[in-house]
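Novice: Here is a sequence with its predicted model. Questions after.
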Amino acid sequence: MSQAYVPAFVDRIVRPLTRVLNPLIMRFAGGWWFPMFSVLHHRGHRSGRMYATPVSAMPRGGYFWLGLTFGEDAAWARNILAAGECGLRYRGVDYHLVEPVKLDSSAVGAELPPVMRFGLSVLGVPKVLRMRRSTTVQAGA
């Protein structure tokens, strides 16, 4: 498998910080007050183990858009592409997402939420994952 492109800033600065930042981010990811981060629930395509991963995801139309900040070879992206589905907690609501499609950020720029388009541009992230909302399950229900 060829190595997916990851922007230099992300690879050198952001990636090493994830071990420290992810546990902190998970405390408020998916909540109402910090919509920048959601919690992605996915199953390992080899292990079958369930994972919860903080991601940048934003809704637009009938889809959620997930930034592939660490490239399309990130474990969570591979797991979702293999399974064809995942769960996502966004602003306190749980969603079931299906039909993952990798797309070039530049090709779908107008479809992306403006704040996400700006963030991807600043970080130099070339790809996004688009997933259709299948169902919504209210948190705590």
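Specialist: Great, that's in hand.

Novice: which residues of this protein score low on pLDDT?
Specialist: 1-20, 22, 136-141 (pLDDT under 70).

Novice: Break down it into its strands, ranges please.
Specialist: Ranges of strands within the chain are 38-43, 50-55, 57-60, 63-67, 85-90, 93-104, 127-138, based on DSSP state E.

Novice: what's around Arg133, how many residues?
Specialist: Neighbour count for Arg133, taken as other Cβ atoms under 10 Å: 17. Bear in mind the C-beta positions are built from the backbone N, C-alpha and C, glycine included.

Novice: same check, this time on Arg49
Specialist: Using other Cβ under 10 Å, Arg49 has 9 neighbouring residues.

Novice: Tell me which of the strands of the chain lies nearest to Leu24.
Specialist: Closest to Leu24 of the strands of the chain, according to Cβ to Cβ: strand 50-55, at 9.3 Å.

Novice: From the contact counts, what lies against the closest one?
Specialist: In terms of contacts (3 or more Cβ pairs under 8 Å, 6 or more residues apart in numbering; DSSP states H and E), strand 50-55 is packed against helix 15-26, strand 38-43, helix 75-83.

Novice: winner for burial among the ones you listed?
Specialist: Using mean count of other Cβ atoms under 10 Å, the stretch among those with the largest mean neighbour count is strand 38-43, at a mean of 22.

Novice: and the angle from that one to strand 93-104?
Specialist: Interaxial angle, strand 38-43 versus strand 93-104 (axes from the mean of the first three to the mean of the last three Cα atoms, to 10 degrees): 80 degrees.

Novice: Need the residues that contact strand 38-43.
Specialist: Contact partners of strand 38-43, identified using Cβ atoms under 8 Å, 6 or more residues apart in numbering, comprise 26, 29-30, 49-57, 66, 76, 79-80, 83, 86-90.

Novice: Equivalent analysis for stretch 85-93, please.
Specialist: For stretch 85-93, with Cβ under 8 Å, 6+ apart as the criterion, the contacting residues are 29-32, 35, 38-42, 57, 59, 64, 79-80, 94-98, 100, 131, 134, 136-139.
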